[in-house]
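Q: below are the sequence and a predicted model; questions follow.
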Amino acid sequence: MDEFRQAPAIALDLLITLEPELLAIIGLSLKVSLAATLLAALIGLPLGAAVAVYRFPGRSVIAALLNAMMGLPPVVVGLGVYLMLSRAGPLGELGLLFTPQAMVVAQCLLITPLIAALTRQTISDLDHTHREQLQVLNTGQLAMVTTLLRDAWLSLTTAVLAGFGRAIAEVGAVIIVGGNIKGVTRVMTTTIALETSKGNLALAMALGLVLLAIAISINLLAGILQHAAAQRHA
Amino acid sequence: MPDPGSPLLLDLLPLRVETLGFGRSGRLLLQDVDFRLEADRVSVLLGPNGAGKSLLLRLLMGLLQPDSGRIEWNGHPPHKVRPALGMVLQKPVMLRRSVLANVEFALARTGLPARRRRKSAENALDQAGLLALANQPATRLSGGETRRLAIVRAWSQQPRVLLLDEPCANLDPHSTARVEELIQHIHAGNTRVILSTHDLGQARRLADEVLFMADGRLREHAPAEIFFNHPASTQARDFLDGRLVL
């Protein structure tokens, strides 16, 4: 249990010294996860809102599927992306395997259902109160989707943050499609996995604390921005 | 712009409602409602809570489909003429944006080009006495201001007929007076007003004709003066005398 006692001091030291290698790893982690979150938000927000607003046969099945896919096993997603991007796979010619782009794709696939499902629920709740009002203002369904997304954006930042949280904490998929190549695809979680496998448990735990600090900082920043926006727009 | 042959350019009146019926969960909420409305009057749907007034307005707007009977706006079903109808719900929902942006949103739904929306929205707000609040968040208005904004937002779309569902419910006398002024201003323009209320005083102040409803039925349809001085139905007499109409 010494690792628990040593980890905070090592983490503090890592944050104070900020060695270039660690900085590069943190930078890549943020770049990959932010890019994946942005892509997933661009897909998941309108998808979730559309499922909430449009009435069509099979809508409840899609809603159930989105909910179920929130629990997608990362290793399975990683394996799927690996097979698609591997040399023999249908997208092998793109040469994306073991690149940060492949990690973005894997994380995006993993968190899109999460963002879409949370968005669907948020917009469904808002739809109950807003639908009739929007109908009497002659709002078409597409405009309803965009209007409800805009009105719910403060709540939806939570869905996006949940997606980012899952992406940056993810290891199973990125280690398969990224390969944990030093200086190329090594991110925080794969470094933690590597140090754990090498037996450097205190360092691995300290890196985990650094990762947690990054995630908390981003959520705090988002919270401050949310609060400021809520004050302005009510 | 709608094409010249579209129902939007035709007069919406007369409104014909024939043997209208509507039920839910085995309970009849409206039955055998028959009436015809002509132009140039303020029609007030009067009656106690639960009489079916709001439901009737929703059916007239085409938000719900009747189980029996029919509604025709100058021969057209409600869903065909909805762009020419406006409605203010009993509990209007304000979009999470400024007062001005709420009206601009309504104007955008009419296809008005973006560059002309701001001026039109400001004009509309000015007529409702809300221009000073244009940049305030709409969700932070008082009850009376919210109702006036809801009315002017619907009116900004220049509907031929404006349906108002209990526009002054739960408002104080001062706010009620401001809302009623706005309704009279709208009626003086080119928009026909049909409103529901359970407030007898408001019906006396605003109505040219009264459709009195109780228990899901239309009990009486008469010019206001005749209705208030010589009510024909027992329920209307009880209501006017302040007795409970159950």
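A: Right, received. Where do you want to start?
Q: close to chain B: what parts of chain A are there?
A: A:129-130, A:132-133, A:135-139, A:143, A:147, A:150-151, A:232-234 (CB under 8 Å from any CB of the partner chain). All C-beta spots, glycine's among them, are computed from the backbone N, C-alpha and C.
Q: go ahead and list the helix or strand containing residue 35.
A: Reading this off chain A. Applying DSSP states H and E as the criterion places residue A:35 in helix A:20-53.
Q: meant chain B actually
A: Short version: residue B:35 belongs to strand B:27-37, going by DSSP H and E.
Q: that strand: how far from the chain's middle?
A: Offset of strand B:27-37 from its chain centre (CA atoms, centre = their mean, to the nearest Å): 17 Å.
Q: helix or strand right after that strand?
A: Where DSSP H and E defines the elements, the next helix or strand beyond strand B:27-37 is strand B:43-46.
Q: just the pLDDT for residue 10.
A: Going with chain A. If you check residue A:10, the pLDDT there is 91.
Q: chain B, not that one
A: Per-residue confidence at residue B:10 stands at 53 (pLDDT).
Q: let me see the contact set for residue B:63.
A: For residue B:63, the contact set (CB atoms under 8 Å, 6 or more residues apart in numbering or on different chains) comprises A:132, A:135-136, B:87.
Q: which members of those occur in strands, if any?
A: Among the contacts of residue B:63, the members found in strands (DSSP state E) are residue B:87.
Q: next, count neighbours for residue B:223.
A: By other CB atoms under 10 Å in any protein chain shown, the residues close to residue B:223 number 12.
Q: pretty sure it sits against residue B:211.
A: No. Counting by CB atoms under 8 Å, residue B:223 stays clear of residue B:211, with 11.2 Å between them.
Q: looking at the contacts of residue B:63, which is nearest residue A:99?
A: Ranked by distance to residue A:99 (CB to CB), these are led by residue A:135 at 47.7 Å.
Q: can you count the residues close to the closest one?
A: Using other CB under 10 Å: residue A:135 sits among 19 other residues.
Q: which among the residues of chain A next to chain B count as buried?
A: A:130, A:132-133, A:135-139, A:143, A:147, A:151, A:233 (16 or more other CB atoms under 10 Å in any protein chain shown).
Q: okay if I get those as TSV plus pLDDT and distance to residue B:32?
A: Below are these laid out as TSV (pLDDT from 0 to 100; distance: CB to CB, whole Å):
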residue	pLDDT	distance to residue B:32
A:130	97	34
A:132	96	26
A:133	97	30
A:135	97	27
A:136	97	26
A:137	97	32
A:138	96	31
A:139	97	33
A:143	97	38
A:147	97	38
A:151	94	40
A:233	65	48
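Q: can you tell me if the longest helix along chain B touches chain A.
A: Counting by DSSP state H, the longest helix found in chain B is helix B:173-188. No. Figure legend: helix B:173-188 not in contact with chain A (CB under 8 Å from any CB); closest approach 15.8 Å.
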